[in-house]
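**Student:** have a look; sequence and predicted model below, questions after that.
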Amino acid sequence: MADYKMHLLVCGGTGCKAAQSELIKTNFQNQLAERGLENEIQVIHTGCFGFCEQGPIVKIQPDNTFYVSVSPDDTLEIIDEHVVKGRIVERLLYTDPNTKSQISESKNMDFYKKQVRIALRNCGFINPENIEEYIGNDGYSALGKCLDELSPEEAIKIIMDSGLRGRGGGGFPTGLKWDITRKVENEQKYVVCNADEGDPGAFMDRSILEGDPHTVIEAMAICGFCIGADKGLVYIRAEYPLAIQRLKTALKQAREFGLLGENILGSGFSFDIEIRYGAGAFVCGEETALIHSMEGKRGEPTFKPPFPSQEGYLGKPTNVNNVETFANIPPIINKGAAWFSTIGTEKSKGTKVFALAGKINNVGLIEVPMGTTLREVIYDIGGGIKNGRQFKSVQTGGPSGGCLTKDFLDTPIDYDNLLAAGSMMGSGGMIVMDEDDCMVSIAKFYLEFTLEESCGKCTPCRIGNKRLHEILEKITNGNGTPEDLTKLRMLSHVIKDTSLCGLGQTSPNPVLSTLDNFMDEYEAHVKEGKCPAGQCKALLQYVIDDEQCTGCTLCFRICPVGAISGEKRSPHYIDQALCIKCGACFEKCKFNAIKIA
Amino acid sequence: MNKIKSLADLKKLKEEVQSKIKLREKGDNPDNLIQIKVSMATCGIASGAKDTMNYFIEELDHQGIDALITQTGCMGFCYAEPTIELTMPGKQPVIYGYVDKAKAQEIIDKHIKLNELVDGIIPVSYKTIDE
């Protein structure tokens, strides 16, 4: 084994790969080889660092230097300056947006300061395609501990005492779920990993599988040992090719090392894992639908009970957990329940991974202790709102969640607080909106998603959501009436109360929470015929400001319907009866003479 | 690859492969470690700083002493290359000049192991903006 003196960690997550991190890696390797340094400096492709906004990321160790937005053209400079001469390439360092100073160490960045990385501990640290690096960082020692020192009951007790709750959205206590499945008697049981991540904007499960696949394999084996199953299945969407490839590599290595298969570590315990592909249907994240899909049936949910713990895959007791939940298991076994339960709030222990998206400066993947406030996440870690705009709302919990206003900014985030605030934890997507976002349109957007994803089994969900969408469409087109608002609320409650599965029961949530928190915007639409955010085109009027119009005739020439008239070098005029509100004149005007009224 | 057949095997393998990622762990937590920075600008490299750095890495590893050895840019003591900056945990950094292999050995034996200063310290008369 070559004795490397320096490690160049290049992010190999999907985001950075799309920004040519593969080429950055090969450039490094070629340029190092040209200088005869290939045996001294190691180049490693890691999982996601989380700071996707600033990708591609290159981290140099042991110097602890964190380069951001690296392009393939920058590699030569990094090699010649940093690697050979020890001089930091300052132009590639992260610049703190507030102090304008450059920061070379990631732990000094606001983005990382408040993070506690348990589930993401290996992402951006190890090479996900090398099992030895995982083992070197305590990998498989939790499985070893279970097989060697603990009984299944003892291991389950550790998970129960830790207070870990399901990270897929429901928040059911994980230890209790394992215990229930353990107590059901059957000669065949299954462990299922739910990697069907469906919330728009959430990508933590993908990142964990891409950056640290072995942690999921290890945790599934531990679960198998605890509940008495010898077979595991990962249900993953086929839309995640990189995660699938890395998981396959990891499974192959684990088998070669004897960490999967017969008689693991000489304990007599046998376990193996297969992959099942999903076609990317949102409803298949619901555990009964997921199980039906794995059985080759339609991905439709069925009534619970019986719970999967009693009758699941092929009618056998099945324990279904989410990827992030599994990623927490090995550290809990290694460090103990007491350690884990010191992190977080009274009823929500540990950390949660959030995917920050929307109008926020630092888009990316973060992991914070439960109980961190929304303000800390959005302003300290997320770096605040883009372009200095005002915060309006944050949407949590995906299409099943709700929109929270600035009144909730100081709410500590945990399962119960988010529910009380009218939203939910969900899988951890967080979409930030500013004053330019119209909340009626946002509700419509989420409803469009559930409309497409509804499996069609229950009438309230299939038809009710369609009607809800039509009412919202009517409002954004400027034809809404005050009665529509009452109808929206009533219909939402009917859908919630009469749908079978979580998808239908939660699909009106974006509508209800925007009705609760942003009633004034709905009223502006239906009573005054105005969209306060200026998003609903049908409610806008484009007018030309006489004082600023120079009569350049550009708008006259660009207007597709001939609604603009006027003489050269004198102010123009828009005929509102003809205007189709396409906005072409607004975008083209060089003098800011066209206003939205 | 031979299969891992017991927990003892797994632990043994872990010891063997830990070194692969140790460098990264060290870099993340530098404060509690002995830190050696080797000045590796053009003049340093020409005077043999690379050999000095390699010697530190190999010798400390051989003796089982945990240290973070990094290269840095020109320290300005071009007359006294190779120069190194040695920081013991919780102590002020000390700069040594003319560090060849023999000097490096002396620094390891006396300063690092026994905490006794060795001849050849360059008094530092400047301040950095970090202070």
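**Tutor:** That came through fine.

**Student:** residue in chain B nearest to chain A?
**Tutor:** Distance from chain A to each residue of chain B (CB to the nearest CB) is smallest for B:Lys3, at 3.1 Å. (C-beta placed from N, C-alpha, C; glycine too.)

**Student:** which SS class is that residue?
**Tutor:** Recorded secondary structure, B:Lys3: coil (DSSP: H, G, I helix; E, B strand; the rest coil).

**Student:** local confidence estimate at the closest residue to it other than its chain neighbours?
**Tutor:** With sequence-adjacent residues excluded and distances taken as CB to CB, 6 or more residues apart in numbering or on different chains, B:Lys3 is closest to A:Gly258, at 3.1 Å. pLDDT, A:Gly258: 94.

**Student:** verify the contact between A:Gly258 and B:Leu7 for me.
**Tutor:** No: in this structure A:Gly258 lies outside contact range of B:Leu7 using CB atoms under 8 Å: 11.9 Å.

**Student:** now list whatever residues contact both of the two.
**Tutor:** By CB atoms under 8 Å, 6 or more residues apart in numbering or on different chains, A:Gly258 and B:Leu7 have these common neighbours: A:Leu265.

**Student:** low pLDDT regions in the chain?
**Tutor:** Picking chain A for this. Scanning chain A with the threshold set as pLDDT under 70 gives A:1-2.

**Student:** wrong one, I was asking about chain B
**Tutor:** Across chain B, the ranges flagged by pLDDT under 70 are B:1, B:125-131.

**Student:** quick check: longest helix of it.
**Tutor:** Assignment by DSSP state H gives helix B:7-28 as the longest helix of chain B.

**Student:** assumed the residue nearest to B:Lys3 was part of a helix.
**Tutor:** No: residue state for A:Gly258 (three-state DSSP) corresponds to coil; a helix is not indicated.

**Student:** next one: phi and psi at it?
**Tutor:** A:Gly258 adopts backbone torsions of phi 80, psi 20, taken as degrees, to the nearest 10.

**Student:** my guess is A:Leu9 contacts A:Ile44, does it?
**Tutor:** Yes: taking CB under 8 Å as the definition, A:Leu9 is a contact partner of A:Ile44 at 5.3 Å.

**Student:** neighbours around A:Lys145, how many?
**Tutor:** With neighbours defined by other CB atoms under 10 Å in any protein chain shown, the count for A:Lys145 comes to 17.

**Student:** then the one 5 residues further on?
**Tutor:** For A:Leu150, the tally of surrounding residues (other CB under 10 Å) stands at 18.

**Student:** residue contacts, it?
**Tutor:** A:Ile158.

**Student:** try it again with 7 Å
**Tutor:** Counting by CB atoms under 7 Å, 6 or more residues apart in numbering or on different chains, A:Leu150 makes contact with nothing.

**Student:** please enumerate the helices of the stretch 51-200 of chain A.
**Tutor:** Listed in chain order, the helices found in the stretch 51-200 of chain A under DSSP state H, counting those that start in this stretch are A:75-77, A:85, A:110-113, A:131-136, A:141-149, A:152-162, A:174-183.

**Student:** do you know how far A:Glu40 is from A:Thr95?
**Tutor:** 31 Å (CB to CB, to the nearest Å).

**Student:** the two: which has the busier surroundings?
**Tutor:** Counted by other CB under 10 Å, A:Glu40 and A:Thr95 do not tie: A:Glu40 has more neighbours, with 17 against 14.

**Student:** chain neighbours aside, what residue packs nearest to that one?
**Tutor:** Distance criterion CB to CB, 6+ apart; nearest residue to A:Glu40, sequence neighbours excluded, is A:Lys5 at 5.2 Å.

**Student:** same question for A:Cys146.
**Tutor:** Among residues not flanking A:Cys146 along the chain, A:Ala155 sits closest, at 4.9 Å (CB to CB, 6+ apart).

**Student:** and what of A:Tyr415?
**Tutor:** Nearest non-adjacent residue to A:Tyr415, counting by CB to CB, 6+ apart: A:Gly171, 4.2 Å away.

**Student:** go on, A:Asn98?
**Tutor:** If the residues on either side of it in the chain are set aside, A:Asn98 comes closest to A:Asp110, at 7.9 Å by CB to CB, 6+ apart.

**Student:** so what's that neighbour up against?
**Tutor:** The contact partners of A:Asp110, taken as CB under 7 Å, 6+ apart, are A:Asp380, A:Ile381, A:Gly383.

**Student:** so which of the residues you listed is the closest to chain B?
**Tutor:** Chain B lies nearest to A:Ile381 out of the contacts of A:Asp110, by CB to the nearest CB, at 18.7 Å.

**Student:** you'd agree that closest one is up against A:Met109?
**Tutor:** No: A:Ile381 lies out of contact with A:Met109 (CB atoms under 7 Å); the separation is 9.4 Å.

**Student:** and the two? which has more neighbours close in?
**Tutor:** Higher neighbour count among A:Ile381 and A:Met109: A:Ile381, with 24 against 20, using other CB under 10 Å.

**Student:** who's in contact with residue 32?
**Tutor:** You didn't pick a chain, so chain A it is. Neighbour list for A:Leu32: A:Glu38, A:Ile41, A:Val43, A:Ile79 [criterion: CB under 7 Å, 6+ apart].

**Student:** oops, wrong one, chain B.
**Tutor:** If you count contacts by CB under 7 Å, 6+ apart, B:Asn32 has them with B:Pro89.

**Student:** what's the local residue count around the residue nearest to A:His572 when sequence neighbours are not counted?
**Tutor:** Leaving out its chain neighbours, the residue that sits closest to A:His572 by CB to CB, 6+ apart is A:Gly566, at 3.3 Å. For A:Gly566, the neighbour count with other CB under 10 Å is 16.

**Student:** for A:Gly566, give its distance to A:Glu587.
**Tutor:** A:Gly566 is 19 Å from A:Glu587, by CB to CB.

**Student:** and if you look at A:Gly384?
**Tutor:** Computed as CB to CB, the A:Gly384 to A:Glu587 distance reads 27 Å.

**Student:** for these two, indicate the residue with more neighbours.
**Tutor:** The neighbour comparison of A:Gly384 against A:Glu587 (other CB under 10 Å) goes to A:Gly384, with 19 against 10.

**Student:** quick one: that one and A:Asn361 touch, right?
**Tutor:** Yes: A:Gly384 is within contact range of A:Asn361, at 5.7 Å (criterion: CB under 7 Å).

**Student:** which parts of chain B sit against chain A?
**Tutor:** Taking CB under 7 Å from any CB of the partner chain as the contact definition, chain B meets chain A at B:1, B:3-7, B:10, B:13-14, B:17-18, B:20-21, B:23-24, B:26-28, B:30, B:40-41, B:57, B:68, B:70-73.

**Student:** quick one: buried ones out of these?
**Tutor:** The neighbour-count test (16 or more other CB atoms under 10 Å in any protein chain shown) marks B:3-4, B:6-7, B:10, B:13-14, B:17-18, B:20-21, B:23-24, B:26-27, B:30, B:40-41, B:57, B:68, B:70-73 as buried among the residues of chain B next to chain A.

**Student:** name the nearest residue to A:Val526, ignoring sequence neighbours.
**Tutor:** A:Gly480 (3.9 Å).

**Student:** over to B:Gly73?
**Tutor:** In this structure, B:Gly73 finds its nearest non-sequential neighbour in A:Arg87, 4.2 Å apart by CB to CB, 6+ apart.

**Student:** got it, and A:Lys537?
**Tutor:** Excluding the flanking residues, the one nearest A:Lys537 by CB to CB, 6+ apart is A:Lys581, at 4.5 Å.

**Student:** where do the helices sit along chain B?
**Tutor:** Per DSSP H, chain B carries helices over the ranges B:7-28, B:42-46, B:49-62, B:101-106, B:113-114.

**Student:** good, wrapping up.
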